[in-house]
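S.K.: kindly return the folded structure for what I paste below:
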Amino acid sequence: MQPINTALCSYGMSGHIFHAPFISVNPNFNLYGVLERTKNETEKHYPNIKTFRSLEAMLSDDNIELIVVNTPNITHYEFSKKVIEAGKHLIVEKPFTTSVVEAEELIKLAKEKNVILSVYHNRRYDSDFLTIKQVLSENLIGELVEAEFHYDRFDPLLSYKVHKEKPTAGVGSLYDLGSHLIDQALQLFGMPNALFADLDSYRPNSKVGDYFDVKLYYPNHRVILKSSYFVREPLPGSILHGTKGSFIKTRADIQEKQLQAGKRPNIKHWGEEPETERGLLHTEKDGKTIREHIPTATGNYMTYYDGIFDAIRNHKNIPVTAEDGMLVIKVIETALKSNEQKKVVNL
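M.R.: Sure thing, here's the model as predicted:
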């Protein structure tokens, strides 16, 4: 079957680390082109790639079927709209858009143009998240009472990427890191009934949010999503408490580190965490209390791209729908409202 000619809208960290390696080694795709207005960085790694100096030039190339919109958050809507209008399938980096209104318009336009529109929520394919799904599906801790998910860092300095520090729409850790945690929570538990959010910034001279604590209210349990740039000693990435026991897991998916080290996702043992990072399960089983470390699932972001190929060539379900991406933005908008009003807000 004909590989899908794919182009990237930029070759920063997103293109270099999270997209090009998967597209280039997957035989169902051909890394055809990239948008670089002045540089030729991509050619250093992929000599046969075609470099475009403008989005318009890229969109006019009839050989391209799929475009990855991996530009700064505030440009997602503008770029995506042009890609859809050109009749190309597209993947939009998370966060999908800066507002629900923008997301709704793109979804409607994609349906009118009959193109595949997906949001790149790759953290659904992290090893720790896949393990948590397994723990819950097997009812290992009973009925969930509380879950807490962290995405912490120790990074007190402002980013060298100027667009990430300008107080514009779609900027800040709630959009950048929070979108990962929110998508995972929605995948596990669905939309909450209400939420309360405490947002702030603690880095010196920071003008954008770098701290969030969001509590999601479900009928029978609570979910807490937290992130801070001042966590030098890592906390468990996931803490789940149920009526039978608890499960605690580090945030230890190794795929990003493998990619940063120059490894490609076609190597042996890709996405396999070290045994030292196994999650701790303390629960009841067959009438006995057990406390043991359990095996971790293998992470693999390639699963996402395999799903995209099936959606385009075989008309299968889109692995991450635009509607999924829009729900994440809805939660973010509600969190911003909650923080502003200092109260619980219904969804």
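S.K.: dump the residue contacts of the most centrally placed residue in the chain.
M.R.: Relative to the mean C-alpha position of the chain, the nearest C-alpha, by Cα atoms, centre = their mean, is the one of His121, at 3.2 Å. Contacts for His121 were tallied using Cβ atoms under 8 Å, 6 or more residues apart in numbering; they are 94, 179-180, 183, 320, 324-325, 328. From N, CA and C alone the C-beta is placed, and that goes for glycine too.
S.K.: relative to Val223, how far out is it?
M.R.: Distance, His121 to Val223, using Cβ to Cβ, to the nearest Å: 17 Å.
S.K.: same deal with Phe154?
M.R.: 24 Å.
S.K.: and if you look at Thr75?
M.R.: Counting by Cβ to Cβ - Thr75 and Val223 are separated by 31 Å.
S.K.: quick one: which of the two has more around it?
M.R.: Val223 (24 against 16; other Cβ atoms under 10 Å).
S.K.: give me the element that one is part of.
M.R.: For Val223, the host element (DSSP states H and E) is strand 222-228.
S.K.: what's in contact with that strand?
M.R.: By Cβ under 8 Å, 6+ apart, strand 222-228 touches 145-153, 173-174, 177-178, 181-182, 185, 189, 192, 202, 210-216.
S.K.: can you check stretch 78-87 too?
M.R.: 9, 55, 59-60, 67, 69, 71, 90, 92, 97, 105-106, 109-110, 113, 115, 117.
S.K.: please redo it, this time with the cut-off set to 7 Å
M.R.: Identification of contacts with stretch 78-87 by Cβ atoms under 7 Å, 6 or more residues apart in numbering yields 9, 55, 59, 67, 69, 71, 90, 92, 106, 109-110, 113, 115, 117.
S.K.: buried ones among these?
M.R.: Among the contacts of stretch 78-87, those classed as buried by 16 or more other Cβ atoms under 10 Å are 9, 55, 59, 67, 69, 71, 90, 92, 106, 110, 115, 117.
S.K.: nearest residue to the last one in space, ignoring adjacent ones along the chain?
M.R.: Closest residue in space to Leu117, ignoring its immediate chain neighbours: Ala110 at 3.9 Å, by Cβ to Cβ, 6 or more residues apart in numbering.
S.K.: from what I can see that neighbour touches Val119, true?
M.R.: No. Between Ala110 and Val119 there is no contact under Cβ atoms under 7 Å: 11.5 Å.
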